[in-house]
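K.L.:
predicted model and sequence follow; I will ask about them next.
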Amino acid sequence: MEDGVTATQVVFWILAVVMLVSAIGVITAGNIVYAALFFIAALAGVAGIYLILTVEFIALVQLLIYGSAVVILILFALMLTRARERPQALFGRSRPLGIAAALGLMAALIGGIVATTWTTPESSSAIQPVGLQTIGDAIFTIWIVPFIIVGVLLSIALDGAIMLASPDEDDN
Amino acid sequence: MPALEHILVVNAILFAIGAMGVLTRRNAVLILLSVELMLNAVSLNMVAFAVYGHVDFGNITGIVFAFFIIVIAAAEVALALGIVVRTFRNRATANVDEVNLLKW
């Protein structure tokens, strides 16, 4: 920051623009499969910003869980629930109201961010990268109980999803 | 490094775009995609706060929270898509305004 615009900032803004344009594509695409593909681009943008923020671990987790597992689940659900018989309106009747509410939310959030004085380190050299070992130590010492609980929660949720989606015995 | 305010503003815009998708889309899976965008904006915010503050405050809780958010989002997506597939089998639609079983 003390030496003007750095390369990191340029990359950050490029990634931010890619991410936001893809996000707009997700919510405006006329084809639901295109929306899912835009979603992958938005996720890649988020992962790139994680990399810029020097947390490679979260970027990797993002790509592995969101970029592959969640996206494949969503693509399957899109294909399984596509109504073939008639073309469908993709937007609800209250679309102008929804757009207005979301724009109001965005204005309120940005106004709050701009009005706040953030006490950040003055020079960018004061921002240290967070190493993988630091994150691992935190997760497996301080956060070990939430870590185990979240693992149990994930397996229960996946079992529940299988039970929900599987056909009843008396269906067929 | 980009300034913290810039990251926060970008994330606020991403969050608002996600909210717009939730409020305007009809298809349940697309609403879920928009919810995921909002979750991403929030966890990116937490990581930004943690990275910019961990030298001064000495902890990286935001990064751990982002990790937990991603894991819980995976569980949430699996459950929600199970419900959507189930609803589609019962009602032959994935549009949230046509699923009015709980109306009284």
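P.N.:
That came through, no problem.
K.L.:
which element is the residue of chain A found nearest chain B on?
P.N.:
Closest residue of chain A to chain B, Cβ to the nearest Cβ: A:G98 (2.9 Å). Where you see a C-beta, it was placed from the backbone N, CA and C, and this is true even at glycine. Following DSSP states H and E, one finds A:G98 within helix A:95-115.
K.L.:
now do A:V17
P.N.:
Using DSSP H and E, A:V17 falls in helix A:7-28.
K.L.:
if we can go back for a sec, can you give the contact residues for the helix holding A:G98?
P.N.:
A:92, B:5, B:8-9, B:12-13, B:15-17, B:19-20, B:22-24 (Cβ atoms under 8 Å, 6 or more residues apart in numbering or on different chains).
K.L.:
the inter-axis angle of the helix holding A:V17 versus helix A:95-115?
P.N.:
160 degrees (axes from the mean of the first three to the mean of the last three Cα atoms, to 10 degrees).
K.L.:
and the very next helix or strand once past helix A:7-28, how far out from the chain middle?
P.N.:
The element immediately downstream of helix A:7-28 (helix or strand, assigned by DSSP H and E) is helix A:32-52. Put simply, helix A:32-52 sits 8 Å off its chain's centre (Cα atoms, centre = their mean, to the nearest Å).
K.L.:
can you read off the pLDDT for A:E85?
P.N.:
pLDDT, A:E85: 51.
K.L.:
kindly apply the preceding question to B:L8 instead.
P.N.:
92.
K.L.:
and A:V71, by the same measure?
P.N.:
88.
K.L.:
from chain B, which residue is nearest to chain A?
P.N.:
Nearest residue of chain B to chain A (Cβ to the nearest Cβ) works out as B:L23 at 2.9 Å.
K.L.:
in terms of secondary structure, what does the helix or strand harbouring that residue contact?
P.N.:
Assigning secondary structure by DSSP H and E places B:L23 in helix B:4-24. Helices and strands touching helix B:4-24, as assessed by 3 or more Cβ pairs under 8 Å, 6 or more residues apart in numbering or on different chains; DSSP states H and E, comprise helix A:7-28, helix A:32-52, helix A:95-115, helix B:28-57.
K.L.:
and stretch A:61-75, how far out from the chain's middle?
P.N.:
With Cα atoms, centre = their mean, you get 10 Å for stretch A:61-75.
K.L.:
so which bits of it are buried?
P.N.:
A:V61, A:Q62, A:L63, A:I65, A:Y66, A:G67, A:V70, A:V71, A:L73, A:I74, A:L75 (16 or more other Cβ atoms under 10 Å in any protein chain shown).
K.L.:
any residue of it up close to chain B?
P.N.:
Yes - Stretch A:61-75 reaches chain B (Cβ under 8 Å from any Cβ of the partner chain) through A:V61, A:Q62, A:I65, A:Y66, A:A69, A:V70, A:L73, A:I74.
K.L.:
gap between the last one and A:L153?
P.N.:
Looking back up the chat, that one is A:I74. 20 Å (Cβ to Cβ, to the nearest Å).
K.L.:
tell me the pLDDT of the spatially most central residue of chain A.
P.N.:
Residue closest to the average C-alpha location in chain A (Cα atoms, centre = their mean): A:L43, at 5.6 Å. A:L43 is assigned 93 on the pLDDT scale.
K.L.:
quick one, what contacts it?
P.N.:
A:Q62, A:L63, A:Y66, A:G67, A:V71, B:N40.
K.L.:
pLDDT below threshold where in chain B?
P.N.:
Across chain B, the ranges flagged by pLDDT under 70 are B:56, B:103-104.
K.L.:
that's a strand at A:D168, yeah?
P.N.:
No - according to DSSP: H, G, I helix; E, B strand; the rest coil, A:D168 belongs to no strand; its state is coil.
K.L.:
for residue 40, which non-adjacent residue is spatially closest?
P.N.:
I'll assume chain A. Once flanking residues are discounted, A:I40 sits nearest to A:V71: 5.6 Å by Cβ to Cβ, 6 or more residues apart in numbering or on different chains.
K.L.:
I was thinking of chain B, sorry if that wasn't clear
P.N.:
Spatial nearest neighbour of B:N40, excluding adjacent residues (Cβ to Cβ, 6+ apart): A:V46 at 4.9 Å.
K.L.:
restricted to helices, list the residues of stretch A:61-75 next to chain B.
P.N.:
A:V61, A:L73, A:I74 (DSSP state H).
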